[in-house]
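Undergrad: Have a look at this prediction, sequence included:
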Amino acid sequence: MKQTILIVDDEKNTRDGLRAVLEEHFEVSLASDAAGALALIDADPPDLVLTDLKLGADDGMVLMKKILKRSDPPICIMMTAYGSVDTAVEAMRQGAYDFVTKPVNIDRLEMLIRRALREKTVQAENLELRQEVRKTRTPDRMIGRSPVMERVLETIRQVAPSKATVLIQGESGSGKEVAAKAIHDLSNRAEKPFVAVHCASLSPQLLESELFGHEKGAFTGAGERRIGRFEQASGGTLFLDEIGEIDPTVQVKILRVLGEKSFERVGGNQTLNSDVRLIAATNKDLAAMVRAGTFREDLFFRLNVVPLTMPPLRTHPEDIPLLIGAFLKEMAKEHDKPERRFTPEAMEALETHAWPGNIRELRAAVEHAVVLGGGKELALGDLPASLRAHSAPSGEGEMNLARIEATMIHKALDECAGNRTLAAKKLGISRRTLHRHLAQIGIRKTQEPIN
């Protein structure tokens, strides 16, 4: 299949002459002005654009800038009868692949075109290879092998290569920002910025300025122009945490960016294009907020193209040892401490804690132990007091708790006809956790009936 070239020139003889020379090896289309060129590019993007610097009333340099702002722009080569070093340098600085002067040396032009298209093909093949690698690898930031986390990881792998907006919901501390970074890392935008904004900490005016920037003098205290986060994240990913906290006036502006891919700085009148992949997160029920009239329905649907729910840690306790291992390495390096492990007693306390603060609370507990622990191993006494209180020495209270747990397990097994997989689901724990409790209360695996 032939590669495609668009020739843009206001002189018919030049257009026709270049087409006659190039169409033997390439699919060639023609345009006489900027509007016609952009229409053709919208309809069927070419691989390369060869444009004159002077297009009657239009400016070829302006046209080239518009072309190169697209997400997957064609290669641009500039032609002009007004060749000069300054013009050539400016064209290259603005993104032109190269520069030729009129009358065009056909041999040199063909050489430039072939070289440029060859490089574009190699780049496309490398990008495709990177995308295939990203599809198969596990996000480095995500830790977990439980079924519930495997489902989260699969969603991340599927959505990452797309341009779709993602809404991540979940309790505080469940890893929403980590999931957003994993999506970015596996996306085609991985080499561009990941910019995070925590919306709840800013007033509506400050949040608007933070997101869109402002011009000098836009409001009291605006002493100079500020570049907003949408501009900073250009080509990359913008993560809006606690999206449920934003003011309705800011909701409208975000909706416009998602719909029109453009915005203005506060106090400015210049329209800026937006090439940003948006990921939002919240610990609130946005659907309920829509019904209550406190969150815009149209913005909710724009954000909720791909919903992703981060599970609370209590629903996948089998991942706790993996998380602890990762945090031990991280904290030892961060605080210049030797890598150590927890004693069995301390691990038991960590694995059986309820973790209302989720992964964030677990991470803080491990850091506390690493910083304060002085022995070869990290003991129960090195953990925060809240964990030690729930892991007191055996006594009447602990014995009562054990009896209650045993009663609940026996009841679940009876109701599930001895099926441990169903019993574990009914109790809201993993099968592995159920087996540990069964061992503790003296029910051996060999007693399990055949399911």
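TA: Received the coordinates, thanks.

Undergrad: Just the pLDDT at the most centrally placed residue in the chain, thanks.
TA: By Cα atoms, centre = their mean, the chain has its centre lying nearest to His184, at 3.1 Å. On pLDDT, His184 comes in at 95.

Undergrad: Reduced to three states, what does it come out as?
TA: Of the three states, His184 takes helix under DSSP: H, G, I helix; E, B strand; the rest coil.

Undergrad: my guess is Thr315 meets Gly428, correct?
TA: Yes. Thr315 is within contact range of Gly428, at 7.1 Å (criterion: Cβ atoms under 8 Å). Heads up, the C-betas are built off the backbone N, CA and C, glycines and all.

Undergrad: Which one's more surrounded, these two?
TA: When Thr315 and Gly428 are compared for neighbours, Thr315 comes out ahead with 14 against 10, by other Cβ atoms under 10 Å.

Undergrad: so who does the more buried one touch?
TA: Val148, Gly428 (Cβ atoms under 8 Å, 6 or more residues apart in numbering).

Undergrad: element containing Val250?
TA: Of the helices and strands defined by DSSP states H and E, Val250 is found in helix 248-260.

Undergrad: which residues are contacting that helix?
TA: 165, 204, 207-208, 211-212, 230, 240, 246, 262-263, 274, 276, 278, 295-296, 298-299, 302-303.

Undergrad: So which of these sit within strands?
TA: Counting by DSSP state E, the contacts of helix 248-260 place Leu240, Ser262, Phe263, Leu278 in strands.

Undergrad: Turn those into TSV, including neighbour count and pLDDT.
TA: Below are the ones in strands among the contacts of helix 248-260 laid out as TSV (neighbours: other Cβ atoms under 10 Å; pLDDT from 0 to 100):
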residue	neighbour count	pLDDT
Leu240	24	97
Ser262	12	91
Phe263	22	92
Leu278	23	97
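
Undergrad: Among the residues you listed, find me the one that's closest to Thr220.
TA: Phe263 (22.1 Å; Cβ to Cβ).

Undergrad: any idea how far Gln158 is from the closest one?
TA: Taking Cβ to Cβ, to the nearest Å as the measure, Phe263 falls 29 Å from Gln158.

Undergrad: you'd agree Leu48 is up against Val8?
TA: No. Counting by Cβ under 8 Å, Leu48 sits too far from Val8 to count as a contact (11.2 Å).

Undergrad: So for these two, which residue has more residues nearby?
TA: Legend: neighbour count by other Cβ under 10 Å for Leu48 and Val8, higher for Val8 (28 against 20).

Undergrad: Pull the number of nearby residues for the residue nearest to the more buried one when sequence neighbours are not counted.
TA: The shortest distance from Val8 to any non-neighbouring residue, by Cβ to Cβ, 6 or more residues apart in numbering, is to Thr51 (4.0 Å). The local packing of Thr51 (other Cβ under 10 Å) involves 24 other residues.

Undergrad: and what of Thr249?
TA: 11.

Undergrad: any idea how far Glu405 is from it?
TA: According to Cβ to Cβ, Thr249 stands 52 Å off from Glu405.

Undergrad: before we move on, back to that, and the contacts of helix 248-260, which are buried?
TA: 165, 207-208, 211-212, 230, 240, 246, 263, 274, 276, 278, 295-296, 299, 302-303 (16 or more other Cβ atoms under 10 Å).

Undergrad: start to end distance for stretch 240-253?
TA: Stretch 240-253 has an end-to-end distance of 14 Å (Cα to Cα, to the nearest Å).

Undergrad: What residues sit buried inside that stretch?
TA: For stretch 240-253, by 16+ other Cβ under 10 Å, it's Leu240, Asp241, Glu242, Ile243, Gly244, Glu245, Ile246, Val250, Gln251, Lys253.

Undergrad: Which member of those residues is positioned nearest Leu109?
TA: Nearest to Leu109 among those is Lys253, at 45.9 Å by Cβ to Cβ.

Undergrad: With Leu207 as the reference, measure out to that closest one.
TA: Taken as Cβ to Cβ, the span from Lys253 to Leu207 is 10 Å.

Undergrad: Now stretch 268-283: buried residues?
TA: Gly268, Leu272, Ser274, Asp275, Val276, Arg277, Leu278, Ile279, Ala280, Ala281, Thr282, Asn283.

Undergrad: nope, stretch 7-21 is what I was after
TA: Ile7, Val8, Asp9, Asp10, Thr14, Arg15, Gly17, Leu18.

Undergrad: Near Thr220, how many other residues are there?
TA: By other Cβ under 10 Å, neighbour count at Thr220 equals 6.

Undergrad: low-confidence ranges in this protein?
TA: 82-85, 126-140, 389-404, 440-451 (pLDDT under 70).
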